[in-house]
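[1] quick one, structure for this:
(4 chains)
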2 protein chains.
Amino acid sequence: MTISKLLLDSRNQKLLAALLKTPRASVTDLARRVGLSAPATRERLVRLEEAGVIKGWRVELDPKALGYPISILVRVRPMPGQLPKIIKLAQSIPQVTECHRITGEDCFLMRLHLRSLDELDGLLDKFLVYGQTTTSILQSSPVPPRALPLPNQSTG
Amino acid sequence: MTISKLLLDSRNQKLLAALLKTPRASVTDLARRVGLSAPATRERLVRLEEAGVIKGWRVELDPKALGYPISILVRVRPMPGQLPKIIKLAQSIPQVTECHRITGEDCFLMRLHLRSLDELDGLLDKFLVYGQTTTSILQSSPVPPRALPLPNQSTG
DNA sequence: TATGAAACACACTGAGT
DNA sequence: ACTCAGTGTGTTTCATA
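    I've put the predicted structure just below:
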């Protein structure tokens, strides 16, 4: 049994579910919803963070509001030996907000945010030095980022 | 000038920058860092939320810790007329934590989390009813999700 | 749109079970 | 591992500029 599983008793499941619903809830509020005292709830939160079950906290800003109305996805197929250069390039471009190494002929998938389509050429050119690119414009998100189901085990 | 721009004076820029660094900081702490009183800072936060500049707050859980060690990306090329069915299907599968409509021959890109590779066949089969799929396994993230640069304008 | 003071809620600690 | 109670800090409202 993994450390994680020990951490995922029914109370922590409730706690995580409550947190997913309202990430900014106070410990006191979470405690009420979980049926524990505030100190006990806090202790559980700290342990979940220490164990890495809770990886982090985020505030999500709207790219449009920040002046980036266009989101695109770019796949990159590196030329032989150019893989590390593409990584460095992606990291150095602030408009690249995600870059993933994936299996398949295209080794990378990245997400870029643009102020206008005019920016696209210049950005792609930078990558074309090291490989081929395939570009898609993001139109909508039928499933916007959402949480995975919790194990919902009955133990604990 | 858009509503957003009016909202992005230099103090709000500082405020958002502070929030991005430490999303769970207290209003009092943010106020100190921005150089305003707590009530004023709180007021600004509320407005930024109401205007949609702050889209939401997230707690990020580790998929591995929840029992989903494998992340994959699937592109789907729908057969004619099957596009809405694919959307519904994606929404109905909890392992699909993101699904994006994109331009190109593959209309959808989605992200799935698996308990094991054995799950893959069954999941892909569901989509293969409505179109072709291309699957990649996510190996690493040279650029893990990060924030866009703020406008950093001098006005305000 | 900001501030300061006051009322209230929350976080955190320590002692006890 | 939890609860309870006490203390200090943060949050929120209101009056005011």
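
[2] contacts and neighbour counts: CA atoms only from here.
    OK.

[3] Provide the secondary structure category for A:Arg80.
    Careful, residue A:80 is Pro; it's not Arg. coil (DSSP: H, G, I helix; E, B strand; the rest coil).

[4] how far away is it from A:Leu36?
    57 Å (C-alpha to C-alpha, to the nearest Å).

[5] which of those two has more residues huddled nearby?
    Comparing A:Pro80 with A:Leu36 by other C-alpha atoms under 10 Å in any protein chain shown, the one with more neighbours is A:Leu36, at 15 against 8.

[6] who touches the residue lying farthest from the centre of chain A in this structure?
    The C-alpha centroid of chain A is most remote from A:Ser37, which lies 31.3 Å away (C-alpha atoms, centre = their mean). By C-alpha atoms under 8 Å, 6 or more residues apart in numbering or on different chains, the contact list for A:Ser37 reads A:Thr28, A:Ala31.

[7] one more time with 10 Å
    By C-alpha atoms under 10 Å, 6 or more residues apart in numbering or on different chains, the residues touching A:Ser37 are A:Val27, A:Thr28, A:Asp29, A:Leu30, A:Ala31.

[8] now it. Its backbone dihedrals?
    phi -80, psi 160 (degrees, to the nearest 10).

[9] skip the chain neighbours and tell me the closest residue to A:Ile72.
    A:Ile137 (4.4 Å; C-alpha to C-alpha, 6 or more residues apart in numbering or on different chains).

[10] how near is that neighbour to A:Arg77?
    A:Ile137 is 18 Å from A:Arg77, by C-alpha to C-alpha.

[11] ok, those two, which is more surrounded?
    A:Arg77 (22 against 18).

[12] the closest residue in space to that one that isn't next to it in sequence: neighbour count?
    Once flanking residues are discounted, A:Arg77 sits nearest to A:Asp106: 4.2 Å by C-alpha to C-alpha, 6+ apart. Number of residues near A:Asp106 (other C-alpha under 10 Å) recorded here: 18.

[13] beyond the worst-scoring helix or strand of chain A on mean pLDDT, next helix or strand please.
    Ranked by mean pLDDT, DSSP states H and E, the weakest helix or strand in chain A is helix A:3-7, scoring a mean of 68. Following helix A:3-7 in sequence order, the next helix or strand is helix A:10-21 (DSSP states H and E).

[14] tell me the mean pLDDT for that following helix?
    Helix A:10-21 shows a mean pLDDT of 97.

[15] show me which residues of chain A sit near DNA strand C.
    Within chain A, the positions near DNA strand C by C-alpha under 7 Å from any atom of the strand are A:Ser26, A:Val27, A:Thr28, A:Asp29, A:Ala38, A:Pro39, A:Arg42.
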